[in-house]
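Trainee: Here is a sequence with its predicted model. Questions after.
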Amino acid sequence: MKKNDGSRLDDFLANPRRAMWKLSLPVFGGMIIHTLYSVVDMVFVGWVGPDAVAAMAFNMPLVFLAYGTVMGLSSGVTAVVAQAIGAKDKQRADNTAEHAVVLGVVIGGALMAAGLLYGPRMLTLMGATGPVAELGWRYLQIVAIGIPFSVLSGFFRGILTGEGDTVRPMAILGIGMVLNIILDPIFIFVLDQGVRGAAIATAVSQVVVFLVFIYMLVVKRSSYVNFELRNFRYQPAILGAIFKIGVPASFSFMIMAVGGAVYNKILSSFSPHAVAAYQVASRIEMIYFLPLIALATGCVTLVAMFHGAGETGEIKQLVGYAISRAVIYGFGFAIIIYPLAPIVLQIFRPNAEILATGVSYLRISALAFPVAPIGIISARVMQGMGKGLPFLVVTMLRVMALGAPIAAYFTFVQHRPVEWVWGSMVVAMYGAAIVGATWLLITLKALPKVSLPPAAVDPAVGGAG
């Protein structure tokens, strides 16, 4: 495989709009693959029995917590690597990649130890009892062993995304998913391992994905960055830059998880069917959000590269283009989902109450579809410029600081119907969009008026365009 020589920056500067789609579409494919991982496991485990499904469900918050931590820090790695490439600083890009690997080993080892040492206690605290708790622990034991490999793979994806390579990470994830689909029935049914078999299949696929990354990046050296861990020297500035961007993002994922639990608690005061309707309709809503998240992720890489290269004009044009296209997409999706909501929800075979409540959720939340991209993309763009706090603040506003308190007020004080909960979520999305857009405008206005002079650009890595 031909080694990446860093020339992607030239290509991206030549046509930033095409580059945005070139980066975002593979990310979207990778997100679909990751989503299918959990869906496939749940389908096969569902054939084992209801206790097995419950055992796996109790593990999901723990898995999401680990996943969110890695995703957040990985976004920090992506931004710092991309900034270094944009600034023509090959050594800093290499050092960032090496720090990411060391960080992955430390975090992966800590998460594995926590799972193995405190797994039963955590499952009990979440309410698992009897056979479900026992099955949940059997599942968690194996998942914990596979976590270090998953964590390191996540950082490898972050490094490659920072280089502007989103195709190969998606392909490698695809290999893992196919292998997981093949191994699930073998371990669950043929070898009669039940829910433990699903965990084994997942862990084996994670190890294989990790080994493919190692072969590609360390053995074949088919990436722009080089890994020379023998010469690794700890640099607090690099780790600090990763944490500055990544830690707020990690907290954002945690807030999303907590926010989901809070909304479930509020909705449970209406009926269990309201909770079910929210969960079912949210699966449809995720179809809307996945392309937006992929687009925002592509923007992180491009903005970070352009920021490192001092191409402030390109940043402003890219941001305007990305947000305008995302808003158009939001309008289109809202127009489609409003009349089709009852038909789409039928795939989950809901009863009449769940169907009616789910339809009301989708139709009211659709009012925010055109504005939600503004907050999401604004926050991620600022990540690319080295600012991690906006992502955390925008997420906090959307989930906890606005949405949940307003919903709780209308539910427990005003005793309004469930539609007011959906309206509270819409208000929160508008508030987050306003704050995100304002913060972004201030940040963009503070950027230098001109790009770096041609003399500051190394033509071997990327020009000023």
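Mentor: Happy to help now that I have it.
Trainee: Around residue 293, how many other residues sit close by?
Mentor: Neighbours of residue 293 under the rule other C-beta atoms under 10 Å: 18. Yep, even glycine has a C-beta here, placed from its N, CA and C like the rest.
Trainee: all numbers from here: first residue = 465
Mentor: New numbering, starting at 465: the last item is residue 757.
Trainee: wouldn't it be in contact with residue 837 here?
Mentor: No: using C-beta atoms under 8 Å, residue 757 is not in contact with residue 837, being 9.9 Å away.
Trainee: How confident was the prediction at residue 704?
Mentor: Per-residue confidence (pLDDT) for residue 704: 91.
Trainee: check which helix or strand covers it.
Mentor: helix 700-732 (DSSP states H and E).
Trainee: which is the next helix or strand following that helix?
Mentor: Trace forward from helix 700-732 with DSSP H and E and the next one is helix 736-773.
Trainee: which secondary structure elements does the helix or strand that that next one is followed by contact?
Mentor: Tracing the chain C-terminally past helix 736-773 and defining elements by DSSP H and E, one meets helix 776-809 next. Judged by 3 or more C-beta pairs under 8 Å, 6 or more residues apart in numbering; DSSP states H and E, helix 776-809 is in contact with helix 480-510, helix 736-773, helix 816-829, helix 836-848, helix 883-909.
Trainee: what angle separates the helix holding residue 704 from helix 883-909?
Mentor: 160 degrees (axes from the mean of the first three to the mean of the last three C-alpha atoms, to 10 degrees).
Trainee: Buried residues of helix 700-732, list them for me.
Mentor: 702-703, 705-719, 723-724, 726-727, 730-731 (16 or more other C-beta atoms under 10 Å).
Trainee: How about stretch 861-880?
Mentor: Buried residues in stretch 861-880, counted by 16+ other C-beta under 10 Å: 861-868, 870-872, 874-875.
Trainee: Excluding chain neighbours, what is closest to residue 797?
Mentor: Spatially, and ignoring its direct neighbours in sequence, residue 797 is nearest to residue 752 (5.0 Å; C-beta to C-beta, 6 or more residues apart in numbering).
Trainee: surely the one you found meets residue 833?
Mentor: Yes: applying C-beta under 8 Å, one finds residue 752 in contact with residue 833, separated by 6.2 Å.
Trainee: list the residues that contact both of those two?
Mentor: 794, 797, 801 (C-beta atoms under 8 Å, 6 or more residues apart in numbering).
Trainee: could I get those as TSV with pLDDT, distance to residue 490 and neighbour count?
Mentor: Shown next, in TSV, are the shared contacts of residue 752 and residue 833 (pLDDT from 0 to 100; distance: C-beta to C-beta, whole Å; neighbours: other C-beta atoms under 10 Å):
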residue	pLDDT	distance to residue 490	neighbour count
794	94	22	20
797	93	21	19
801	92	25	20
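Trainee: Which one of those residues is nearest to residue 742?
Mentor: residue 801 (15.7 Å; C-beta to C-beta).
Trainee: so how far is residue 748 from that closest one?
Mentor: Per C-beta to C-beta, to the nearest Å, residue 801 is found 7 Å from residue 748.
Trainee: Same question for residue 621.
Mentor: 27 Å.
Trainee: Just want to know which of these two has more residues nearby.
Mentor: Between residue 621 and residue 748, residue 621 has the larger neighbour count (other C-beta under 10 Å), namely 26 against 19.
Trainee: could you give the angle of the helix or strand where residue 523 lies to helix 736-773?
Mentor: If you go by DSSP H and E, residue 523 is part of helix 514-550. Taking the same axes, to 10 degrees, helix 514-550 and helix 736-773 form an angle of 20 degrees between their directions.
Trainee: For helix 514-550, which residues meet the burial criterion?
Mentor: Residues 515-520, 522-523, 526-550 are the ones in helix 514-550 that count as buried (16+ other C-beta under 10 Å).
Trainee: what's downstream of that helix, the next helix or strand?
Mentor: Taking DSSP H and E, what comes next after helix 514-550 is helix 554-589.
Trainee: tell me the angle that next one makes with helix 736-773.
Mentor: Orientation check (the same axes, to 10 degrees): helix 554-589 against helix 736-773 gives 170 degrees.
Trainee: Helix 554-589 - what's its average pLDDT?
Mentor: 91.
Trainee: Check the gap between residue 475 and residue 482 for me.
Mentor: 9 Å.
Trainee: So between those two, which is more surrounded?
Mentor: Legend: neighbour count by other C-beta under 10 Å for residue 475 and residue 482, higher for residue 475 (15 against 11).
Trainee: For the more buried one, give me the pLDDT.
Mentor: At residue 475, pLDDT is 75.
Trainee: Show the contacting residues for it.
Mentor: Residue 475 neighbours (C-beta under 8 Å, 6+ apart): residue 483.
Trainee: center of this structure, which residue is that?
Mentor: Geometric centre of the chain, nearest residue: residue 535, 5.6 Å, by C-alpha atoms, centre = their mean.
Trainee: could the helices and strands packed on helix 776-809 go into TSV alongside distance to residue 615 and mean pLDDT?
Mentor: Listed next are the helices and strands packed on helix 776-809 as TSV, based on distance: least, C-beta to C-beta, whole Å; pLDDT from 0 to 100:
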stretch	distance to residue 615	mean pLDDT
helix 480-510	14	77
helix 736-773	18	83
helix 816-829	33	90
helix 836-848	20	91
helix 883-909	29	94
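Trainee: Highest mean neighbour count out of the ones you listed?
Mentor: helix 836-848 (a mean of 27; mean count of other C-beta atoms under 10 Å).
Trainee: What helices and strands are in contact with it?
Mentor: So helix 836-848, by 3+ C-beta pairs under 8 Å, 6+ apart, packs with helix 514-550, helix 736-773, helix 776-809, helix 853-860, helix 883-909.
Trainee: so how far is that helix off the chain centroid?
Mentor: A distance of 13 Å separates the centroid of the chain from that of helix 836-848, by C-alpha atoms, centre = their mean, to the nearest Å.
Trainee: how about it as PDB, C-alpha atoms only?
Mentor: This file holds the C-alpha atoms of helix 836-848, laid out as PDB (Å, rounded to 0.1, in the frame of the first residue of the first chain):
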ATOM      1  CA  ALA A 836     -30.300  21.300  15.500                       C
ATOM      2  CA  PRO A 837     -27.400  21.100  13.000                       C
ATOM      3  CA  ILE A 838     -26.400  24.600  13.800                       C
ATOM      4  CA  GLY A 839     -25.500  23.800  17.400                       C
ATOM      5  CA  ILE A 840     -23.900  20.400  16.500                       C
ATOM      6  CA  ILE A 841     -21.700  21.700  13.700                       C
ATOM      7  CA  SER A 842     -20.800  24.900  15.600                       C
ATOM      8  CA  ALA A 843     -19.500  23.000  18.600                       C
ATOM      9  CA  ARG A 844     -17.500  20.500  16.500                       C
ATOM     10  CA  VAL A 845     -16.000  23.200  14.300                       C
ATOM     11  CA  MET A 846     -14.600  24.800  17.500                       C
ATOM     12  CA  GLN A 847     -13.200  21.500  18.500                       C
ATOM     13  CA  GLY A 848     -11.100  21.600  15.300                       C
END
